[in-house]
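J.: return atomic coordinates for the entry below.
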Amino acid sequence: MNQTQPVLFVPHGAPTFALRPGAAGAALVAKAATLALPRAIVIVSAHWDTAVPTVGFAEKLETIHDFWGFPEALYAIRYPATGCPEASREVVAAIAAAGLPVASDATRGLDHGAWVPLRLMFPDAEVPVIPLSVQSRGGAGQAYRLGQALAPLAAQGFLIIGSGSITHNLGDYQAAWQNGGQTPAYVREFADWLAAQTTAGNLPALLDYRRQAPAGAQAHPSEEHLLPFHVALGAGGENARTTRFHAGIDDYVIAMDAYAFEQGEPQ
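T.: Residues are numbered from 1 along each chain as shown. Coordinates of the predicted model:
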C-alpha cells in the first residue's frame, strides 16, 4: 500500500547550487531522508512553461542543461532519472478530472529546476519522475487550481514537488553584485511576509501577492518562479500543516526557503 506523501516546495537556486548546495542543499537532503519512498515524483519546475498543463511521459529523462556561461563541471552532470508512463497517465487523469486542460509530452527531460534539487534529494534516481509544466500566463490562481487537481495523488504515494524561488529578480542580482553584495531589504521582507501568510492560511493574500506583499512585483518581475509554490500550496490541501523547513538567501537576492505541506496530525 502506498503511503501518503507530503507536498514540498523547494528552491533550485542558480545552476551553481548543484556544485555548492550549502545550507539549503543540506535541508533538502535532510527532508528527503524523512520520507517514505514515493511511488513516483511529480516535479513542477519554473523552467518548463507552457500554455496548458503538460505532463511528461518519457521513460528515460534527458538531463537538460538549460543555462549558459557557467562552470564546465555543471555541463558534465547527468541525473539518470526514469519515467513511468502508467503514473503519468494518472497525473493526466487527475488534472482532467478537475476540469483543467491537459497535454502530454513524450520526450521532455528534466531542466535544472528539476534535476538540481532531485539530485540532492534522491541521488540514486531510484524513484520514477514525472515532469509537469507551469503556466506563467495563468497567474497564481491557475497554479493553485492545478495544485488542487494534484492533491489526491499525494494519498496514492506520489511526492509532489514545486521547484522555484521565493524571490527571483536577476536584474537586482546584477545590481547587488556591482554594489558590493548587499541584499536588498525587500528580499527578506517578502520571504517573511509569504511565510506569515502561509502559516496563517491567508489564501486570498497569497494569490494576490503582487498587490498585497511588500515589493511583490519586484520580488517577481515575472511569475514563473513563484508559481510552483502556489501549485504546492494547492496540492497540500486545505488545513494542511505548513512547515518552512529552510529559510535563507543565496546570491544576494534569491530567497531559498523550502516548505512542506502535510495532512493529519503531527507524528
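J.: which residue is the nearest non-sequential neighbour of residue 135?
T.: Spatially, and ignoring its direct neighbours in sequence, residue 135 is nearest to residue 142 (5.8 Å; CB to CB, 6 or more residues apart in numbering). In this view, the C-beta of every residue, glycine as well, is placed from N, C-alpha and C.
J.: am I right that the one you found is in a helix?
T.: Yes: secondary structure of residue 142 (DSSP: H, G, I helix; E, B strand; the rest coil): part of a helix.
J.: so which helix or strand takes in residue 116?
T.: Counting by DSSP states H and E, the secondary-structure element that holds residue 116 is helix 112-121.
J.: what does stretch 186-196 rub up against?
T.: Under the criterion CB atoms under 8 Å, 6 or more residues apart in numbering, residues 166-167, 206, 209, 213-216, 218-219, 229, 244, 247, 249, 252-253, 255, 257 lie in contact with stretch 186-196.
J.: can we see that at 6 Å?
T.: Around stretch 186-196, the neighbours that count as contacts under CB atoms under 6 Å, 6 or more residues apart in numbering are 166, 167, 213, 214, 215, 218, 219, 244, 249, 253, 255, 257.
J.: let me know the angle separating the longest strand belonging to the chain from helix 112-121.
T.: Residue-count comparison of every strand in the chain, with assignments taken from DSSP state E, identifies strand 40-49 as the longest. Here strand 40-49 runs at 150 degrees with respect to helix 112-121, directions being taken by axes from the mean of the first three to the mean of the last three CA atoms, to 10 degrees.
J.: give me the helices and strands touching the helix or strand just after strand 40-49, please.
T.: On the C-terminal side of strand 40-49, the closest following helix or strand by DSSP H and E is strand 54-56. Secondary structure elements in contact with strand 54-56, counted by 3 or more CB pairs under 6 Å, 6 or more residues apart in numbering; DSSP states H and E, are helix 85-97, strand 103-105, strand 129-134.
J.: closest one to residue 240 among those?
T.: Ranking those by distance to residue 240, with CB to CB as the measure, places helix 85-97 first at 17.5 Å.
J.: between the closest one and strand 40-49, how many degrees?
T.: Comparing the axes of helix 85-97 and strand 40-49 via the same axes, to 10 degrees yields an angle of 60 degrees.
J.: still on that earlier bit, and the residue nearest to residue 135, how far from residue 221?
T.: Distance of residue 142 to residue 221, computed by CB to CB, to the nearest Å: 19 Å.
J.: which strands and helices lie in contact with the element among helices and strands of the chain having the smallest mean pLDDT?
T.: Averaged element by element with mean pLDDT, DSSP states H and E, the chain has its least confident helix or strand at helix 170-178 (a mean of 75). Packed against helix 170-178 by the contact rule (3+ CB pairs under 6 Å, 6+ apart) you find no helix or strand.
J.: so where do the helices sit in the stretch 101-250 of the chain?
T.: 112-121, 139-154, 170-178, 185-200, 203-207, 209-212, 216-219, 227-236 (DSSP state H, counting those that start in this stretch).
J.: which of the ones you listed has the lowest mean pLDDT?
T.: The stretch with the lowest mean pLDDT among these is helix 170-178, which comes in at a mean of 75.
J.: export that one as PDB, just CAs?
T.: What follows is helix 170-178 as a C-alpha-only set of coordinates in PDB (Å, rounded to 0.1, in the frame of the first residue of the first chain):
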ATOM      1  CA  LEU A 170      18.000  38.700 -11.800                       C
ATOM      2  CA  GLY A 171      18.300  42.500 -12.500                       C
ATOM      3  CA  ASP A 172      18.600  43.100  -8.800                       C
ATOM      4  CA  TYR A 173      21.200  40.300  -8.700                       C
ATOM      5  CA  GLN A 174      23.400  42.300 -11.100                       C
ATOM      6  CA  ALA A 175      22.900  45.500  -9.100                       C
ATOM      7  CA  ALA A 176      23.700  43.800  -5.800                       C
ATOM      8  CA  TRP A 177      26.900  42.200  -7.300                       C
ATOM      9  CA  GLN A 178      28.000  45.600  -8.600                       C
END
